[in-house]
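*Asks:* only geometry, no sequence info:
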């Protein structure tokens, strides 16, 4: 049986409901708003068409290939040969993405029931199977390393804790994968996240892993990317239909999820590319890769669909120059609050950053000068002497630290909703909150948890008991402040 015949017989299975109304079968609260009749969804099409048997054969071949790579490169000895900063990037990516992929199973299964065409529902079924695989790969590979480095345990542990990174990441993934309708999921996850941003992760970062010599991570990312490329195709045809019948909704969803996705990738991928990758292995900056893999392709896609750039585009362009630098400086200053280690940028790294961010980097030089002087004034290994002492403030929408803007001008803003004051890292986060305040008022940010007595106000109590980080695991300077270029005089 050829593909065309199979497609006609087994894939296009839409029907006119007779026992219930079409609106009851696909309620707006779950399928998506505004409700449009089935006729408006006719012609929905994505290019990847496969049978279950073909899917199993293809995935089995991928698994055999991955297992061979794991056998060759998955030993603790191999990982110990990698740069320690790069290992921090592996720990960051493993923890933030593994169980988030499992949450994506739920989102895809919702689309497999409430997607408006049978072709969409079929593609979402395969998407759910993909996401199970994407969860299992890092959990399986990283579990082998826990006995050698307890920080790898956070690949599974992160989302079971109240760590601030967990709170922030859950806020975006739960919003996208659990709280969204099938239509919003298709726009936010399949179009914006997987089409707009994952090339940055699965192409740009894969190339970096290859240059670093991390063949295991390279193979993992490459294997996952081939799946992402398939179910990412759900987004474009869904958005096309939405543009045709509800263009304002289409624009609002694109604007919302571009910003939420941008903040996430700035943290996870931005600091990896510009700070945790060994300098001799870097090719281009995070900004340059975003401009190539995200901006050009994303704008082209919006133009083709007849959509505008997000209204805050000028904020995003400025953010490209500064946000991940602000996040890295903040996270370095509060490194005990996470499960991976950090490197202090030295003269060579700063020169590289200055050359790739000539307009914005001069603002960050004084920040690192101050941190360097603190290390110079203390003995190596005295981590808390070069560390923040109070719990910082977090955004009420994205739940990331208020680090948007620059060292000279923070973009924090606020909003009164009822009798309660909410603080945001940026105007786009405030705008997202204003669109659906009832969706975001129930999750307390870290500071409100402290004020409510849910979390301790003392930083070390917060780290040890609320975030569940032991001293052996919490983040440190990878060289304990001992760098060849950092000379300490007699004191």
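*Replies:* Right, received. Where do you want to start? Every value quoted in this text rests on a predicted model; they were computed, and no experiment measured them. Numbering: from 1, shown residues only.
*Asks:* pLDDT averaged over stretch 316-328 - what is it?
*Replies:* The average pLDDT for stretch 316-328 rounds to 97.
*Asks:* same thing with stretch 337-352?
*Replies:* The model assigns stretch 337-352 a mean pLDDT of 97.
*Asks:* please apply the same query to stretch 178-197.
*Replies:* Stretch 178-197 carries an average pLDDT of 92.
*Asks:* can you give the distance from it to the centre of its chain?
*Replies:* Relative to its chain's centre, stretch 178-197 lies at 13 Å (C-alpha atoms, centre = their mean, to the nearest Å).
*Asks:* in it, what counts as buried?
*Replies:* 180-197 (16 or more other C-beta atoms under 10 Å). Just so you know, the C-beta spots here come from the backbone N, C-alpha and C atoms, and that holds for glycine as well.
*Asks:* now swap in stretch 235-252 and tell me
*Replies:* Applying 16+ other C-beta under 10 Å to stretch 235-252 flags 235-243, 246, 249-252 as buried.
*Asks:* with stretch 47-60 instead?
*Replies:* 50, 59.
*Asks:* adjust the sequence numbering to begin at 47 for everything that follows.
*Replies:* Okay, residue one is now 47; in that scheme the one you just asked about reads as stretch 93-106.
*Asks:* quickly note the distance from residue 456 to residue 414.
*Replies:* Counting by C-beta to C-beta, to the nearest Å, the gap from residue 456 to residue 414 is 18 Å.
*Asks:* so for these two, which residue has more residues nearby?
*Replies:* A direct count of neighbours by other C-beta atoms under 10 Å for residue 456 and residue 414 places residue 414 higher, at 20 against 15.
*Asks:* that one in helix, strand or coil?
*Replies:* helix (DSSP: H, G, I helix; E, B strand; the rest coil).
*Asks:* touching, it and residue 375? I think so.
*Replies:* Yes - the pair residue 414 and residue 375 passes the contact test of C-beta atoms under 8 Å, sitting 7.4 Å apart.
*Asks:* avg pLDDT for stretch 246-264?
*Replies:* Mean predicted lDDT for stretch 246-264 stands at 84.
*Asks:* neighbours around residue 410, how many?
*Replies:* 21.
*Asks:* got the contact list for it?
*Replies:* 371, 375, 399, 453 (C-beta atoms under 8 Å, 6 or more residues apart in numbering).
*Asks:* ok, the first one to residue 410 distance?
*Replies:* This means residue 371. 5 Å.
*Asks:* what of the third one?
*Replies:* Residue 399 sits 8 Å away from residue 410 when distances are taken as C-beta to C-beta.
*Asks:* who touches both of those two?
*Replies:* residue 371.
*Asks:* do a quick rundown of the helices in the stretch 147-296 of the chain.
*Replies:* Secondary structure of the stretch 147-296 of the chain (DSSP state H, counting those that start in this stretch): helices at 164-189, 200-203, 210-219, 228-231, 244-245, 252-258, 261-277, 281-291, 293-311.
*Asks:* out of those, flag the one nearest residue 76.
*Replies:* Relative to residue 76, the nearest member of these by C-beta to C-beta is helix 228-231, separated by 6.8 Å.
*Asks:* what helices and strands are in contact with the closest one?
*Replies:* Using 3 or more C-beta pairs under 8 Å, 6 or more residues apart in numbering; DSSP states H and E as the contact criterion, the elements in contact with helix 228-231 are helix 74-77, helix 130-160.
*Asks:* redo that, cut-off 10 Å
*Replies:* Helix 228-231 makes packing contacts with helix 74-77, helix 130-160, helix 164-189, helix 281-291, helix 293-311 when contacts are defined by 3 or more C-beta pairs under 10 Å, 6 or more residues apart in numbering; DSSP states H and E.
*Asks:* and the second one, how far from the chain's centre?
*Replies:* The reference is to helix 130-160. 8 Å.
*Asks:* ok, residue 205 - contacts?
*Replies:* 141-142, 144-146, 148-149, 211-213, 215-216, 219-220 (C-beta atoms under 10 Å, 6 or more residues apart in numbering).
*Asks:* quick one on the thing from earlier: joint contacts of residue 414 and residue 375?
*Replies:* Common neighbours of residue 414 and residue 375 (C-beta under 10 Å, 6+ apart) are residue 391.
*Asks:* just to revisit the earlier point, now, the contacts of residue 410 that are in helices?
*Replies:* 371, 375, 399 (DSSP state H).
*Asks:* for those residues, which one is nearest residue 128?
*Replies:* residue 399 (22.0 Å).
*Asks:* residues near residue 59, how many?
*Replies:* Using other C-beta under 10 Å: residue 59 sits among 11 other residues.
*Asks:* so it sits in a helix?
*Replies:* No - read with three-state DSSP, residue 59 is coil and lies in no helix.
*Asks:* surely it meets residue 166?
*Replies:* No - with contact defined as C-beta atoms under 10 Å, residue 59 does not reach residue 166; the gap is 11.4 Å.
*Asks:* so where's the stretch 47-196 of the chain shaky on pLDDT?
*Replies:* Within the stretch 47-196 of the chain, the segments meeting pLDDT under 70 span 47-57, 119-122.
*Asks:* many thanks, we can stop here.
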